[in-house]
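Q: heads up, no residue letters with this:
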């Protein structure tokens, strides 16, 4: 299976890397593994999915979109999962465009050109999500 899914140590970030010709089974494996890794994370989970070395046929792409649009743990429609992609080729862009459509959940997924940029973006989101510490009162 041309998929690896790992959680970064001490961060609520999951990195999925995909390569070669993909099928809907490969995408389903990303979601199942993500759901398992999420069990130990409180709050939001940020998944960076690297499609930069992957490809798919158009029929498989449609099946992959259908998998991503499901309301199940670990999918792109899971309310706890904040997704961004790495890649710049047509297949990744088309996948993102499909998921933005209402019938697939109207999911807004940023697309980055490199893993470094994606990680920086996610870490900024995490920092902005943290509650602001309240000063202690003198009472």
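A: Yep, it's here. From a predicted model like this one, the values you see are computed outputs, not experimental measurements.
Q: check which element follows the helix or strand bottoming out on mean pLDDT in the chain along the chain.
A: Here the helix or strand of the chain ranked lowest by mean pLDDT, DSSP states H and E is helix 90-100, holding a mean of 81. Counting by DSSP states H and E, the next helix or strand C-terminal to helix 90-100 is strand 111-112.
Q: show me the contact partners of that following strand.
A: For strand 111-112, contacts defined as CB atoms under 8 Å, 6 or more residues apart in numbering pick out 84, 85, 86, 87, 88, 92, 93, 96, 118, 121. C-beta here means a position set from N, CA and C on the backbone, and glycine is covered the same way.
Q: if we go to 6 Å?
A: 85, 86, 96, 118 (CB atoms under 6 Å, 6 or more residues apart in numbering).
Q: tell me what the lengthiest strand in the chain is packed against?
A: Ordering each strand of the chain by length in residues (DSSP state E) puts strand 45-55 first. Judged by 3 or more CB pairs under 6 Å, 6 or more residues apart in numbering; DSSP states H and E, the packing partners of strand 45-55 are strand 13-21, strand 81-86.
Q: list of residues touching the last one?
A: What it means is strand 81-86. Contacts with strand 81-86, where a contact means CB under 6 Å, 6+ apart, come from 44-52, 76, 92, 109-112, 115, 118.
Q: any idea how far residue 21 lies from residue 27?
A: Distance of residue 21 to residue 27, computed by CB to CB, to the nearest Å: 12 Å.
Q: between these two, tell me which one has more neighbours.
A: residue 27 (26 against 11; other CB atoms under 10 Å).
Q: hmm, that one is touching residue 67, no?
A: Yes - between residue 27 and residue 67 there is a contact at 4.8 Å, judged by CB atoms under 6 Å.
Q: chain center to the least confident helix or strand of the chain, what's the gap?
A: Distance of helix 90-100 from the chain centroid (CA atoms, centre = their mean, to the nearest Å) equals 13 Å.
Q: chain neighbours aside, what residue packs nearest to residue 63?
A: Of all residues not flanking residue 63 in the chain, residue 24 sits nearest, at 3.6 Å (CB to CB, 6 or more residues apart in numbering).
Q: okay then, goodbye and thanks.
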